[in-house]
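**Q** After the sequence you'll find the predicted model.
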Amino acid sequence: MGIKLYREPKLKNPIMFCGWPGIGNIGIIAIDTLRKILRAQEFGEIEPWDFFEPRRVLVERGLLKDLKFPSSKFYFQRNKNQDLIFFIGREQPKEERMRYAEGQKAYQMANLVLDVGEKFGCQMVYTSAAAVTQIHHTAKPRVWAVPNNQKLIAKIKQYENTVLMSEIEGRSNIGGQGTISGLNGLLLGVAKKRGIETICLMGEIPHYLQGAPWPYPKASKSVLEVLAKILDIEIDLDRLEELAKKIEEDVEELLERLYEAEAIPSEAGTQIKEDIEKLKYAGPITEEEQKEIMKHIGELFKEGGEKDEKHL
């Protein structure tokens, strides 16, 4: 079990882009959209047996034909003078009772991804994820960046709408500390140990939408704009912009339901509305205000169930 390559393309110092699902599916939407736009070709996969349970079985004429697992695939493309590798993992491997990908399975997968990168001479990797923060859903998300090498800081500061995570207000007061959950963060550390330069680009998502059953393509679009600058290419983001507008309409509808919910006292609904609007005009809210918003929004998501799910 491990890596299965269908072909071995001849690549010269490729850049690797890695995407997994996460909060708002921000990272995987950004990386997978870029892969599709550039028409990268599949050339291998990480075999699933050691990482996932089968999602379903396929039966044909009364006999078991196949087991269906979440896929973890590699793609390649040559873009101008820069060769590219994409890794798209449709699920993050988790140990029992763990919320995020961590532990032996996640560490093993991170190493397998980098094994393929090193096999083809990759010395630069980009991952992408979500940055949960106090912004309003109508604001343009910034891109938070975390490098695993001091030399990459100057590179990051060249890109518009991009800020080092360590320089975000409030974090500089605690030594620039922060965390990146799941494989997008783990890969930074594993790559650093191997001497492979890596940057994680995180699109901002409002804290009150971190548990939403929808993607958040508005942040994915911000990440893609940075990736386009990195590759010095122009890409059409009109479809992503349309999806972002549709999700924003869904968010507005959700919030109106929240303000008018019969289970919430009218004065509480008014206060929540004022707190969310404060993010738009006056800046951050308190931790207690944030908890109150999350409590009631979480209840609405539970009430809506699967009928509220939106998919790309």
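**A** Good, I have the coordinates.

**Q** now the helices for the stretch 1-150 of the chain?
**A** 26-37, 104-119 (DSSP state H, counting those that start in this stretch).

**Q** Go through the ones you listed and name the closest to Ala244.
**A** For these, the distance to Ala244 is smallest for helix 26-37, at 10.3 Å, taking Cβ to Cβ. Placement of C-beta: from N, CA and C, glycine included.

**Q** just checking, what packs against the closest one?
**A** When contacts are defined as 3 or more Cβ pairs under 8 Å, 6 or more residues apart in numbering; DSSP states H and E, helix 26-37 sits against strand 15-19, strand 82-89, strand 124-133, strand 197-206, helix 217-231.

**Q** Of the helices of the stretch 1-150 of the chain, which stretch is the most buried?
**A** Mean neighbour count, computed with mean count of other Cβ atoms under 10 Å, is highest for helix 26-37 among the helices of the stretch 1-150 of the chain, reaching a mean of 24.

**Q** And for it, what's in contact with it?
**A** 17-22, 75, 77, 86, 88-90, 126-130, 184, 201-203, 205, 215-217, 219-221, 223-224, 227, 235-236, 240, 312 (Cβ atoms under 8 Å, 6 or more residues apart in numbering).

**Q** Can I get the buried part of those residues as one ChimeraX selection?
**A** Of the contacts of helix 26-37, the buried ones can be selected in ChimeraX as follows, counting by 16 or more other Cβ atoms under 10 Å:
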select :17,18,19,20,21,22,75,77,86,88,89,90,126,127,128,129,130,184,201,202,203,205,215,216,217,219,220,221,223,224,227,240
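
**Q** so what's Lys157 closest to, chain neighbours aside?
**A** Closest residue to Lys157 apart from its sequence neighbours, by Cβ to Cβ, 6 or more residues apart in numbering: Leu164 at 7.6 Å.

**Q** next one: Leu38
**A** Spatial nearest neighbour of Leu38, excluding adjacent residues (Cβ to Cβ, 6+ apart): Gln77 at 4.8 Å.

**Q** hang on, the earlier thing: what about the residue nearest to Lys157, how many residues nearby?
**A** 17 (other Cβ atoms under 10 Å).

**Q** Tell me how far it lies from Glu197.
**A** Leu164 is 15 Å from Glu197, where distance means Cβ to Cβ, to the nearest Å.

**Q** What of Thr138?
**A** Distance from Thr138 to Glu197, counting by Cβ to Cβ: 35 Å.

**Q** One more: Lys94?
**A** As judged by Cβ to Cβ, Lys94 and Glu197 stand 27 Å apart.

**Q** Which positions in the helix or strand where Glu299 lies come out as buried?
**A** Using DSSP states H and E, Glu299 falls within helix 287-304. By 16+ other Cβ under 10 Å, the buried positions in helix 287-304 come out as 289-290, 292-293, 296-297, 300-301.

**Q** Kindly report the same for stretch 10-19.
**A** Neighbour count says stretch 10-19 has 11, 14-19 buried, by 16+ other Cβ under 10 Å.

**Q** same check, this time on stretch 142-152
**A** Buried positions in stretch 142-152, judged by neighbour count with 16+ other Cβ under 10 Å: 142-148, 152.

**Q** Quote the end-to-end distance of it.
**A** In stretch 142-152, first residue to last residue: 18 Å (Cα to Cα, to the nearest Å).

**Q** contact partners of the top helix by length along the chain?
**A** Longest helix in the chain, counting residues (DSSP state H): helix 238-260. The contact list for helix 238-260 (Cβ under 8 Å, 6+ apart) reads 29, 33, 137-138, 209, 212, 214-218, 220-221, 224, 264, 269-270, 272-273, 276, 296-297, 300, 308, 310, 312.

**Q** now do stretch 183-197
**A** Outside stretch 183-197, the residues within contact range by Cβ under 8 Å, 6+ apart are 18, 20, 22, 27, 89, 92, 101-102, 106-107, 109-111, 113-114, 117-118, 122-125, 127-129, 146-149, 151-152, 179-180, 198, 200, 202.

**Q** Distance-wise, check the most centrally placed residue in the chain relative to Gly117.
**A** Centroid-nearest residue in the chain, with Cα atoms, centre = their mean: Gly27, separated by 2.4 Å. Distance from Gly27 to Gly117, counting by Cβ to Cβ: 17 Å.
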